[in-house]
Structure formats: structure tokens, C-alpha cells
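Participant: coordinates only, sequence not included:
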């Protein structure tokens, strides 16, 4: 194993501009898929996603890591971004009173 200076970047994990752009595109695509799935999720599933955001948030007494905090906020953001699509969902059709059979 080769020893590296702490200030020296790890050249094996440095991504090219093209690779970074591809990752950004994939993240945007995945975000939109998640939003579509959340738009059709049940209230119970939405509640579970909100609980997961709270679960990944730093716990009391522990160090708050920037990435963890941002991840929790992003989960909640995805739920909120799905909300306009949830309200557009097709509602079940109403049965007109004149078409409903009365019990005999």
C-alpha cells in the first residue's frame, strides 16, 4: 500500500468532467422517478418516508454531519415536490344517485 500525503488528492477516485455530468444526469432522473413514486404512494408510505428522514437526521448528543443533515432535508424535499402531483391524482368516479340501485 502506498502512503499518501493528506493534502495530496486521491487520483484513483477523481472523476472526469464527463463522469460528473453523467452522475448529475442520473441523479436528476432518479429524483424524478422517486417523485413519481411518492406521488402515488399511500399516506402510510409518505409517513414512513418522513420517519426515515427523521431517522437519518443526527441524534441528540451526536455530531451533526453536514451530509447527513442535507440528506434528511433532501428526503423531505422530495416528499414536498411530489405533493402537487398527489393532488392531481385521479379521484375515484362518483356514482350518480340516479344510477345507484336502491335496496329492494
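Facilitator: Cool, got the structure. Since this is a predicted model, take the numbers as computed values, not measurements.

Participant: okay, CA-based contacts and neighbour counts for the rest of this
Facilitator: OK.

Participant: which ones are touching the residue nearest to residue 40 when sequence neighbours are not counted?
Facilitator: Spatial nearest neighbour of residue 40, chain neighbours left out: residue 86 (6.5 Å); criterion: Cα to Cα, 6 or more residues apart in numbering. Taking Cα atoms under 8 Å, 6 or more residues apart in numbering, we find residue 86 in contact with 38, 39, 40.

Participant: Please compare those residues by their distance to residue 56 and name the closest.
Facilitator: Set against residue 56, the nearest of those by Cα to Cα is residue 38 (18.5 Å).

Participant: Can you name the helix or strand that the residue lying closest to the closest one once chain neighbours are set aside falls in?
Facilitator: Once flanking residues are discounted, residue 38 sits nearest to residue 82: 5.9 Å by Cα to Cα, 6+ apart. Per DSSP states H and E: residue 82 is located in helix 66-87.

Participant: What residues of that helix count as buried?
Facilitator: 72, 75, 76, 78, 79, 81, 82, 83, 86 (16 or more other Cα atoms under 10 Å).

Participant: does the third one really touch residue 48, like I thought?
Facilitator: Looking back up the chat, that one is residue 76. No - counting by Cα atoms under 8 Å, residue 76 stays clear of residue 48, with 11.2 Å between them.

Participant: Pick out whichever of the contacts of residue 86 sits closest to residue 65.
Facilitator: residue 38 (26.5 Å).

Participant: ok, the closest one - contacts?
Facilitator: For residue 38, the contact set (Cα under 8 Å, 6+ apart) comprises 46, 79, 82, 86.

Participant: Can I get the residues you listed in JSON lines including distance to residue 62 and pLDDT?
Facilitator: JSON lines is the format used below for these (distance: Cα to Cα, whole Å; pLDDT from 0 to 100):
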{"residue": "46", "distance to residue 62": "27", "pLDDT": "97"}
{"residue": "79", "distance to residue 62": "26", "pLDDT": "97"}
{"residue": "82", "distance to residue 62": "31", "pLDDT": "97"}
{"residue": "86", "distance to residue 62": "36", "pLDDT": "90"}
